[in-house]
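Student: For reference, the sequence and a predicted model appear below.
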Amino acid sequence: MRHLLLLLTFMFMNSSLTFSQIENLEAKKLGLVSHLTTVKILAEFKMISLAKDSMFKTKTEKAQEFISEYNLLRLSVEIFINQLSSDLYLANKPKYFKKINAFIKGNLSSLPANLSHYEKAIIEIDKNFEVFMINTYSSTLSGPSLGDVTGTIELAHTITSDIRDFKAKKIELITTQLNTLKLDKLIDLIEPKEKSEK
């Protein structure tokens, strides 16, 4: 809780940073999985919130812009996760993940030449995430409210703590975890699923 209060104090002191940017910087300190978890949870939450707003149906041009931005972010995350998963299986080198993880944490200033395409992919994800999270229906910057985000933070930290201790079958565990961090399809976010309970 103290961590959250410090985070909020910093956020209000520096209004040029949105909550999502601050939370993402904090998540990166934990590593790649934490970073992707933050991107997934906050982006999906924002898309659901945008789609539930009455302006989603009246401001169709703006709504289409949100959909495009969300899909572009989703594409960049999927490209990164699918390529990393494939390369981990083919090369059978968990050190790829370790190097990328160290880069995300800030322990490496850049990735080695053979992994530089991942650096570009991470920059692309960050750029798409920032564009999507800043954009709103109005001209003012806004993001999720404190009440809305508190639950999201708890979920993100629960997920990241669940994957900290993996020793056996590293590649399989890493790729399985990465695959759970892909963003959901837009249709699954904004249209409620019918329950077949009879």
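Tutor: Received the coordinates, thanks. Note that the structure is predicted; figures quoted are calculated from it, not measured.
Student: Would you state the helices of the protein in chain order?
Tutor: With DSSP state H as the criterion, the chain has helices at 2-13, 19-30, 32-52, 55-58, 60-91, 94-105, 116-134, 146-162, 170-179, 186-190.
Student: who's in contact with the closest residue to L36 other than its chain neighbours?
Tutor: In space, and not counting its chain neighbours, L36 is closest to L181: 4.1 Å by Cβ to Cβ, 6 or more residues apart in numbering. Heads up, the C-betas are built off the backbone N, CA and C, glycines and all. L181 is in contact with V33, L36, T37, V39, K40, V77, I81, counting by Cβ atoms under 8 Å, 6 or more residues apart in numbering.
Student: Next, count neighbours for the third one.
Tutor: Put plainly, it is T37. Look at T37: counted by other Cβ atoms under 10 Å, it has 24 neighbours.
Student: do the first one as well
Tutor: For V33, the tally of surrounding residues (other Cβ under 10 Å) stands at 22.
Student: Ignoring the adjacent residues along the chain, who's closest to H117?
Tutor: Nearest non-adjacent residue to H117 (Cβ to Cβ, 6+ apart): Q83, at 7.8 Å.
Student: Next, find the distance separating that neighbour from Y118.
Tutor: Using Cβ to Cβ, to the nearest Å, we find Q83 at a distance of 8 Å from Y118.
Student: Just send the helices of the chain back as CSV, with mean pLDDT too.
Tutor: Below are the helices of the chain laid out as CSV (pLDDT from 0 to 100):
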stretch, mean pLDDT
helix 2-13, 42
helix 19-30, 72
helix 32-52, 91
helix 55-58, 89
helix 60-91, 93
helix 94-105, 93
helix 116-134, 94
helix 146-162, 50
helix 170-179, 76
helix 186-190, 84
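Student: Give me whichever of those helices is most buried.
Tutor: Of all the helices of the chain, helix 32-52 has the most neighbours on average by mean count of other Cβ atoms under 10 Å, namely a mean of 21.
Student: coming back round to it: can you tell me which of the contacts of L181 lies closest to E191?
Tutor: K40 (18.8 Å; Cβ to Cβ).
Student: State the distance from the closest one to L73.
Tutor: 10 Å.
Student: Next, show the common contact partners of these two.
Tutor: Joint contacts of K40 and L73 (Cβ under 8 Å, 6+ apart) are L183.
Student: Report the contact partners of Y118.
Tutor: With contacts defined as Cβ under 8 Å, 6+ apart, Y118 is in contact with F80, Q83, L84, I100, F103, L111.
Student: Spatially nearest residue to F80, not counting backbone neighbours?
Tutor: Per Cβ to Cβ, 6+ apart, closest to F80 is A121, 4.4 Å.
Student: could you list every residue that touches the one you found?
Tutor: Counting by Cβ under 8 Å, 6+ apart, A121 has contacts S76, I79, F80, Q83.
Student: want to try CSV for those residues, with distance to I174 as columns?
Tutor: As requested, those are arranged in CSV below (distance: Cβ to Cβ, whole Å):
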residue, distance to I174
S76, 19
I79, 17
F80, 13
Q83, 13
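Student: I would like the residues contacting stretch 94-104, please.
Tutor: By Cβ under 8 Å, 6+ apart, the surrounding residues in contact with stretch 94-104 are 28, 31-32, 35, 84, 87-88, 108, 110-112, 115, 118-119, 122, 170-171, 174.
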